[in-house]
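**Q** Here is a sequence together with a model predicted from it:
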Amino acid sequence: MAGKFPSSQLRASGFLSPALGSNRSMGTFLSSRPVAKWSMGTFLSPAPVWAGGYAGRMADHVQVVTTTDSEQAAAELARGVVEARLGACAQVVPIRSFYVWEGAAQDDAEWQLQIKTSAARLAELVEHLRANHGYDVPEIIVTPIVGGNPAYLAWVDDQTRP
């Protein structure tokens, strides 16, 4: 889905700069509490991921989601992420995406990758996804993991050490 949006259109709208994002802050979501302490322009920096609404606690782990247009592309991307130790685990899930493109509603099959990684490896993971993704403008969504099984999260750390 995201790859079908021309980057020139997104740049013209002010959403994307050539380096991925504008310097606009992500702002707030339904309250005056900060959702994120980074802007789209500094998304790839090694700065910690902040979990807005969780008393300012930094998240040590994140889940990164992206989509592809085929199961084979998703498997290749997932395998590359895990082999490069950029993600401890990548799950591939078939999904159905609905969106408007060129004025018409679209209904497409896609495959979603859900990647668990340490916040310390986020910038490298995002760069890897951007460099190896088949879409011009891939969906890359980062969600802080603010809790979980401590043994699992320790395993994520072990698997993502360079």
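**A** Received the coordinates, thanks. Numbers count the residues shown, from 1 in each chain.

**Q** mind checking how far residue 121 is from residue 90?
**A** Distance, residue 121 to residue 90, using CB to CB, to the nearest Å: 13 Å. For the C-beta atoms, the positions are set from N, CA and C on the backbone; glycine is no exception.

**Q** ditto for residue 70
**A** Per CB to CB, residue 70 is found 15 Å from residue 90.

**Q** helix or strand right after whichever strand in the chain runs longest?
**A** In the chain, taking DSSP state E as the definition, the longest strand is strand 104-118. Scanning forward in sequence from strand 104-118 by DSSP states H and E, the next helix or strand is helix 122-132.

**Q** tell me the angle that next one makes with strand 104-118.
**A** Inter-element angle recorded for helix 122-132 and strand 104-118: 140 degrees (by axes from the mean of the first three to the mean of the last three CA atoms, to 10 degrees).

**Q** for helix 122-132, packing partners?
**A** Counting contacts by 3 or more CB pairs under 8 Å, 6 or more residues apart in numbering; DSSP states H and E, helix 122-132 is packed against strand 61-68, helix 71-83.

**Q** Of those, which is nearest residue 156?
**A** Between residue 156 and the helices and strands packed on helix 122-132, the tightest spacing by CB to CB is seen for strand 61-68, at 5.6 Å.

**Q** so what does the closest one touch, helix or strand wise?
**A** Using 3+ CB pairs under 8 Å, 6+ apart, strand 61-68 sits against helix 71-83, strand 104-118, helix 122-132, strand 141-145, helix 150-159.

**Q** Indicate which one of the ones you listed is closest to residue 97.
**A** Among the helices and strands packed on strand 61-68, strand 104-118 comes nearest to residue 97, with 4.9 Å by CB to CB.

**Q** May I see the buried residues of the closest one?
**A** Judged by neighbour count using 16 or more other CB atoms under 10 Å, the buried positions of strand 104-118 are 110, 111, 112, 113, 114, 115, 116, 117, 118.

**Q** how about the helices and strands packed on helix 122-132 in JSON lines, adding mean pLDDT?
**A** Shown next, in JSON lines, are these (pLDDT from 0 to 100):
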{"stretch": "strand 61-68", "mean pLDDT": "97"}
{"stretch": "helix 71-83", "mean pLDDT": "98"}
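
**Q** Could you look over those and pick the most buried one?
**A** strand 61-68 (a mean of 22; mean count of other CB atoms under 10 Å).
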